[in-house]
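A.B. asks: Here's my sequence, what's the structure:
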Amino acid sequence: MHKLLKAAVVGSALLMAMPAWAETIPIIVKNTQSYFFQVMLAGARQAGKDLAIDVPELGPTSFSDIAGQIGILENAVANKANAIVIAPQEFNALGGPIAEAAKTVPVVGTDSGAATDAFKSMLSTDNLQGGRDAADALAAAIEKEYGAAEGDVALLVLIAGQSTLDQRAQGFKEQLAKHPGLKLVAERLGDGQVTTALNTTTDILTSNPNLRGVFGSDLVTGAGAGQAIAENNLQGKVKLVSFDSDENLVEMLKNGVVSALVVQDPFRMGYDGVKTALAAVRGENVAKTIDTGVNVITLDNIDSDRSQQLLNPKIN
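C.D. replies: Sure thing, here's the model as predicted:
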């Protein structure tokens with residue numbers, strides 16, 4: 001009896017020591033295999049540790065598995081999550097499911113939007129501005145090589161239906177018009193695979209022998225385009241600007257295959273997404289939109305503290 005009483009007292013003490021607000025806030029990304037979203041998950045994981053809450057890391061393993069992401073969202077609601085952070089895979093398809101989820105649980109969006117106004121808050125890059133920055137960076141690289149911002153350029157988009165990619169393409173084309181010497185001769189849509197981007201870029205290079213620039217509007221298309229340029233020994237001749245970064249693209253930047261990287265802050269998206277969701281759960285006012293920033297990194301500024309922080313996030 002004495003041992004049982006002692007155990008009960010210790011158990012009660014442990015329960016009293018545990019915070020009464022130990023919420024569960026899952027984060028659902030577009031693709032758990034993507035380096036970009038692994039960084040976002042790392043940010044969410046760190047937020048969970050700092051805030052002493054449970055942050056399950058969820059998501060499909062393919063950018064095209066829209067039904068899978070919807071199912072994960074529905075399961076999170078059914079499992080009584082206190083709030084949900086989600087990077088919607090497809091703008092229209094996720095609108096209804098997110099609106100339905102938001103009837104019972106606060107939903108915070110990150111990276112991409114969806115066809116609903118039900119988000120408590122949306123944390124994302126200003127993708128229109130990112131596209132504009134990419135156009136300016138590509139023009140600057142071509143001018144540096146050829147003496148003027150003139151010639152044919154191409155645009156690669158990862159996959160259809162993602163608002164972030166649509167906005168980057170829009171911003172790129174709008175800003176390209178301010179460089180009248182540059183002509184967009186090819187705009188290609190991919191299927192989320194590096195191999196497809198590689199083959200597409202190779203086709204564009206073959207069909208446009210005077211091509212001087214390519215904008216890969218995400219990490220996958222940037223990697224595929226870079227590989228195609230390198231395999232055809234066109235580094236330096238065909239300038240490449242890519243959105244996002246990983247070790248491969250950074251190496252391409254150092255080797256002259258890539259001229260500039262337009263870098264987001266996925267770690268902050270994950271961290272602040274969870275932090276914002278927790279604030280919403282606790283009844284605090286949260287901003288409807290939060291701009292997580294965009295930075296252009298070239299060989300000229302790659303060694304700066306900010307560039308190194310963005311290029312080498314802690315993901316473990």
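A.B. asks: For L41, what is the enclosing helix or strand?
C.D. replies: helix 35-51 (DSSP states H and E).
A.B. asks: May I have that helix as CSV, with CA atoms only?
C.D. replies: C-alpha atoms of helix 35-51 as CSV (Å, rounded to 0.1, in the frame of the first residue of the first chain):
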residue,chain,number,x,y,z
TYR,A,35,14.4,19.1,-49.6
PHE,A,36,12.5,22.4,-49.5
PHE,A,37,9.7,20.8,-47.4
GLN,A,38,12.2,18.9,-45.2
VAL,A,39,13.6,22.3,-44.2
MET,A,40,10.0,23.5,-43.5
LEU,A,41,9.4,20.4,-41.4
ALA,A,42,12.6,21.1,-39.5
GLY,A,43,11.4,24.6,-38.7
ALA,A,44,8.1,23.1,-37.5
ARG,A,45,9.9,20.5,-35.4
GLN,A,46,12.0,23.2,-33.7
ALA,A,47,8.9,25.2,-33.0
GLY,A,48,7.4,22.1,-31.3
LYS,A,49,10.4,21.8,-29.1
ASP,A,50,10.6,25.4,-28.2
LEU,A,51,6.8,25.7,-27.5
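A.B. asks: which intervals of the stretch 51-200 of the chain have sub-threshold pLDDT?
C.D. replies: Applying pLDDT under 70 to the stretch 51-200 of the chain picks out no residues at all.
A.B. asks: ok so, going back, give me the buried positions along the helix holding L41.
C.D. replies: Neighbour counts using 16 or more other CB atoms under 10 Å place 35-48, 51 of helix 35-51 among the buried residues. Backbone N, C-alpha and C define where each C-beta goes, glycine included.
A.B. asks: Closest to Q308 out of those residues?
C.D. replies: The closest of these to Q308 turns out to be V39 (CB to CB; 14.3 Å).
A.B. asks: Next one, pLDDT for that closest one please.
C.D. replies: With respect to pLDDT, V39 scores 95.
A.B. asks: Am I right that R268 is in contact with T292?
C.D. replies: Yes: between R268 and T292 there is a contact under CB atoms under 8 Å: 5.0 Å.
A.B. asks: which residues do the two both contact?
C.D. replies: L123 (CB atoms under 8 Å, 6 or more residues apart in numbering).
A.B. asks: hang on, the earlier thing: moving C-terminal of the helix holding L41, what's the next helix or strand?
C.D. replies: Downstream of helix 35-51 (by DSSP H and E), the next one is strand 57-58.
A.B. asks: Paired strands for that following strand, with orientation please.
C.D. replies: strand 27-28 (parallel) (DSSP bridges).
A.B. asks: how many other residues sit next to the residue nearest to A197 when sequence neighbours are not counted?
C.D. replies: Using CB to CB, 6 or more residues apart in numbering and skipping the chain neighbours, the partner closest in space to A197 is G224 (2.5 Å). For G224, the count of nearby residues is 25 (other CB atoms under 10 Å).
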